[in-house]
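In: Give me coordinates for this.
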Amino acid sequence: MEQPVSYKHKTDILISDNTPSTQPTRKSQNIYKKCNECNIKRKIFDKSHEICHVCYNIKKILKPKQSGNKVIDDFIRYTQSNYATIDD
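Out: Just a heads-up that it's a prediction; the model follows:
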């Protein structure tokens with residue numbers, strides 16, 4: 001009568017000659033770059049203009065209205081780009 005073989009702790013692995021013994025490594029790329037709009041280091045959303053996803057949403061989706069006053073417009077853009085949600 002044959003005894004059952006336990007494969008739980010079996011470490012024998014078949015490896016062919018052309019199979020690499022280690023996993024391939026990827027070169028780490030700098031995915032965080034400085035945004036041209038807000039000058040904050042974030043993940044770039046639009047490669048052609050090098051703007052982050054926050055600035056893209058502000059420019060394209062929200063389409064902020066201009067007040068005509070440069071100081072107020074800069075303040076609004078600053079608060080929109082630096083807005084952070086707080087999880088309670």
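In: Can you pull out the low-pLDDT segments for this structure?
Out: For the chain, applying pLDDT under 70 flags the ranges 1-30, 46, 61-62, 64, 84-88.
In: residues in contact with residue 66?
Out: residue 73 (CB atoms under 8 Å, 6 or more residues apart in numbering). All C-beta atoms are positioned from the backbone trio N, CA, C, and that covers glycine.
In: ugh, typo on my part, it should be residue 52
Out: 35, 37-38, 40, 42-45.
In: Could you list the residues in contact with the one helix or strand residue 72 maps to?
Out: If you go by DSSP states H and E, residue 72 is part of helix 70-81. By CB under 8 Å, 6+ apart, the list of residues contacting helix 70-81 from outside reads 37-38, 40, 54-55, 58, 62, 64, 66-67.
In: Now, these that are in helices?
Out: 54-55 (DSSP state H).
In: any chance of the contacts of helix 70-81 in TSV, with distance to residue 78 too?
Out: Shown next, in TSV, are these (distance: CB to CB, whole Å):
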residue	distance to residue 78
37	11
38	8
40	11
54	12
55	11
58	11
62	14
64	12
66	15
67	14
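In: Could I get the phi/psi values of residue 32?
Out: Here is the backbone geometry of residue 32 (degrees, to the nearest 10): phi -100, psi 120.
In: Report the separation between it and residue 41.
Out: Separation of residue 32 from residue 41 (CB to CB, to the nearest Å) stands at 5 Å.
In: buried set for the lengthiest strand in the chain?
Out: In the chain, taking DSSP state E as the definition, the longest strand is strand 41-46. Within strand 41-46, the residues scored as buried using 16 or more other CB atoms under 10 Å are 42, 44-45.
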